[in-house]
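1. here's a sequence, model it:
(2 chains)
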Amino acid sequence: EVQLVESGGSLVQPGGSLRLSCAVSGFRFIDHYMDWVRQAPGKGLEWVGRGRNKANSYTTEYGASVKGRFTISRDDSKNSLYLQMNSLKTEDTAVYYCARGVLDYNNYVWFDSWGQGTLVTVSS
Amino acid sequence: DIQMTQSPSSLSASVGDRVTITCRASQDISNCLAWFQQKPGKAPKSLIYAASSLQSGVPSKFSGSGSGADFTLTISSLQPEDFATYYCQQYKSYPLTFGGGTKVEIK
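-> Presented below is the predicted three-dimensional model:
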């Protein structure tokens, strides 16, 4: 069974830093792209960024609102994905989900599995 | 960035109704379109990818169609467990973007 479990969410002050983790099981983590998606309270879904797999040199992509502040990394030996969040702003308050990327038949990557999410609150 | 516009933003329907939700992209995304269902307090659940392919384990009452810029999600016979918010998402180009969501409520 595919499982993704996020952790690390907490209350942090504006300007602070936080690292989220996503521990996975039930599949070959090393083969997959992994993404972070967030959802502010009462709002819709917002893509945060993507970490590609080893075969694609672990390269990353980010949404404009977090680029330069957030960094996605992974440790394939620990089956874990990370999101390092720096210079946090109140508008970063959200539930953060990790999601597994899989290829469709046109070789584009979509999300087939999601974690349960972890809440990050940025407030003084 | 590709803008994804869903309509309606909310709808009221009865058990047994056929429900259709539309999603329009601001440019051609071919069939790089996914649909997700989200219930309150829960993570999104993947329903459909490549515009019309059903994710494994998703009941066949859900169907998707469209290509290019216009897409639809149809629920053939609404059941109590289907009352939720539905999101479309394009994965053709970065940044990946979601529609604003359609909340399906009980009439």
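2. what sits opposite the residue positioned nearest the centre of chain B in the beta ladder?
-> Residue closest to the mean C-alpha point of chain B, counted by CA atoms, centre = their mean, is residue B:35 at 3.9 Å. For residue B:35, the beta-bridge partners are residue B:48, residue B:88 (DSSP bridges).
3. residues contacting residue B:106?
-> B:12, B:13, B:14, B:15, B:80, B:83 (CB atoms under 8 Å, 6 or more residues apart in numbering or on different chains). Backbone N, C-alpha and C define where each C-beta goes, glycine included.
4. which of the residues you listed lies closest to residue A:43?
-> residue B:83 (19.5 Å; CB to CB).
5. so the closest one touches residue B:105, yeah?
-> Yes - with contact defined as CB atoms under 8 Å, residue B:83 and residue B:105 form a contacting pair (6.3 Å).
6. which one's more surrounded, the two?
-> Higher neighbour count among residue B:83 and residue B:105: residue B:83, with 17 against 11, using other CB atoms under 10 Å in any protein chain shown.
7. returning to what we had before: gap between the residue nearest to the centre of chain B and residue B:58?
-> The gap separating residue B:35 from residue B:58 is 10 Å, by CB to CB, to the nearest Å.
8. returning to what we had before: just the buried members of the contacts of residue B:106?
-> B:13, B:83 (16 or more other CB atoms under 10 Å in any protein chain shown).
9. distance from the chain centre to the top strand by length along chain A, please.
-> Secondary structure of chain A per DSSP state E: the longest strand is strand A:94-103. Strand A:94-103 sits 6 Å away from the centroid of its parent chain (CA atoms, centre = their mean, to the nearest Å).
10. mind exporting it as CSV, just the C-alpha atoms?
-> Extracted in CSV, the C-alpha atoms of strand A:94-103 (Å, rounded to 0.1, in the frame of the first residue of the first chain):
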residue,chain,number,x,y,z
ALA,A,94,-1.5,26.4,5.2
VAL,A,95,-1.8,22.7,5.3
TYR,A,96,1.1,21.3,3.3
TYR,A,97,0.7,18.0,1.4
CYS,A,98,3.2,15.9,-0.3
ALA,A,99,2.1,14.1,-3.5
ARG,A,100,3.6,11.3,-5.6
GLY,A,101,4.1,11.9,-9.3
VAL,A,102,3.5,9.3,-11.8
LEU,A,103,3.7,9.3,-15.6
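11. residues of chain A that sit close to chain B?
-> By CB under 8 Å from any CB of the partner chain, the part of chain A that sits against chain B consists of A:35, A:37, A:44-47, A:50, A:61-64, A:97, A:104-106, A:108-117.
12. so which of the contacts of residue B:106 are in helices?
-> Among these, DSSP state H puts none in helices.
13. which of the contacts of residue B:106 sits closest to residue A:10?
-> Nearest to residue A:10 among the contacts of residue B:106: residue B:83, at 32.1 Å, using CB to CB.
14. any idea of the pLDDT on the closest one?
-> What the model reports as pLDDT for residue B:83 is 92.
15. got the residues of chain B near chain A?
-> Near chain A, when you scan chain B using CB under 8 Å from any CB, you find B:1, B:30-32, B:34, B:36, B:38, B:42-46, B:49-50, B:53, B:55, B:87, B:89, B:91-92, B:94-101.
16. who does the residue positioned nearest the centre of chain A bridge with?
-> For chain A, the residue nearest the mean C-alpha position is residue A:36 (2.5 Å; CA atoms, centre = their mean). Applying DSSP bridges to residue A:36 gives these bridge partners: residue A:49, residue A:98.
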